[in-house]
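In: Everything below, folded, please.
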Amino acid sequence: MHSRKSSNCGPEAPAVCSECEARHGGVCASLSVVQLIELNRISTKRQISAGGEVIGQGEQIASYSNIVKGVVKLSKMMADGRQQIVGLQFAPDFMGRPFLKESSLTAEAATDAEICAFPRAIIDRLVTDLPDFEHKLHEQSLKELDEAREWMLTLGRKTAQEKVASFLYLIATHIDPLQKFSKNFDLPLSRADIADFLGLTIETVSRQMTKLRKDGVIIIENNRHVIVPDGRKLKEAAGAD
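Out: A predicted model of the protein is given here:
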């Protein structure tokens, strides 16, 4: 992948990086143009179909990656085979834990996705050598921690309707990195996965979706496409601050 030259003959970021949201809002925002060019030379773009595995629980970690497009679901499996979806990641999230040799969970494309993968050793070195890069990763980790605590509240204290509305609000505020709130989106998870994620039954999820539709909070088309006429109503239904 070639980088472009600026009018003063200095290097510019590779075209693929300039068009990537991770360059502007993700960890790559902390890198200089020269560092981006070097990283781009060893990066690999991967197209992953919905249902495709990025990495399995217990696998050795050979690379980390930025999500360029799509949604990735994270799950953990217990010794007896029971599985739980524990999180979702969206563009431009960084996937992986530096210095961890073995994946503690399974990452699977919930939708058709595109990722930009980097060798683990290179990223581990950048974390050690570049404080700004380390700071960006730290920021994302703290953001994920805050969101995990918020989700604990959702699962532990909210009603079934608030849980379903909270899930829809999560998707609306994360599905498109270029928008703070998307009024139109396709559900990235099946009803069964939504139920798993929320600790509800499939029937309860369907009933609450229907109730939100009847209350005018959402419009559902083709069983998968969601329209949110008024973001404030959805936020209120979710019991969000």
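
In: what's the neighbour count on residue 240?
Out: 16 (other Cβ atoms under 10 Å). From N, CA and C alone the C-beta is placed, and that goes for glycine too.

In: Helices along this protein, start to end?
Out: Ranges of helices in the chain, per DSSP state H, are 15-18, 21-25, 33-42, 120-129, 131-157, 160-174, 191-198, 202-214, 231-237.

In: Other residues contacting the last one?
Out: With contact meaning Cβ atoms under 8 Å, 6 or more residues apart in numbering, helix 231-237 is reached by 161-162, 165, 168-169, 172, 181, 183, 212, 215-218, 228.

In: CA atoms of that helix as PDB?
Out: Output of helix 231-237 as PDB, limited to C-alpha atoms (Å, rounded to 0.1, in the frame of the first residue of the first chain):
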ATOM      1  CA  GLY A 231     -33.500   9.200  20.400                       C
ATOM      2  CA  ARG A 232     -34.700  10.800  23.600                       C
ATOM      3  CA  LYS A 233     -37.600   8.300  23.900                       C
ATOM      4  CA  LEU A 234     -35.300   5.400  23.400                       C
ATOM      5  CA  LYS A 235     -32.900   6.800  26.000                       C
ATOM      6  CA  GLU A 236     -35.800   7.200  28.500                       C
ATOM      7  CA  ALA A 237     -37.100   3.700  27.800                       C
END
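
In: for the helices of the chain, which one sits closest to residue 59?
Out: Smallest distance to residue 59 across the helices of the chain (Cβ to Cβ): 12.0 Å, for helix 120-129.

In: Tell me the buried residues in the closest one?
Out: 120, 123, 126, 127 (16 or more other Cβ atoms under 10 Å).

In: For residue 148, which non-adjacent residue is closest in space?
Out: Nearest residue to residue 148 in three dimensions, chain neighbours excluded: residue 87, at 7.3 Å (Cβ to Cβ, 6 or more residues apart in numbering).

In: Give me the pLDDT value at that neighbour.
Out: Per-residue confidence (pLDDT) for residue 87: 94.
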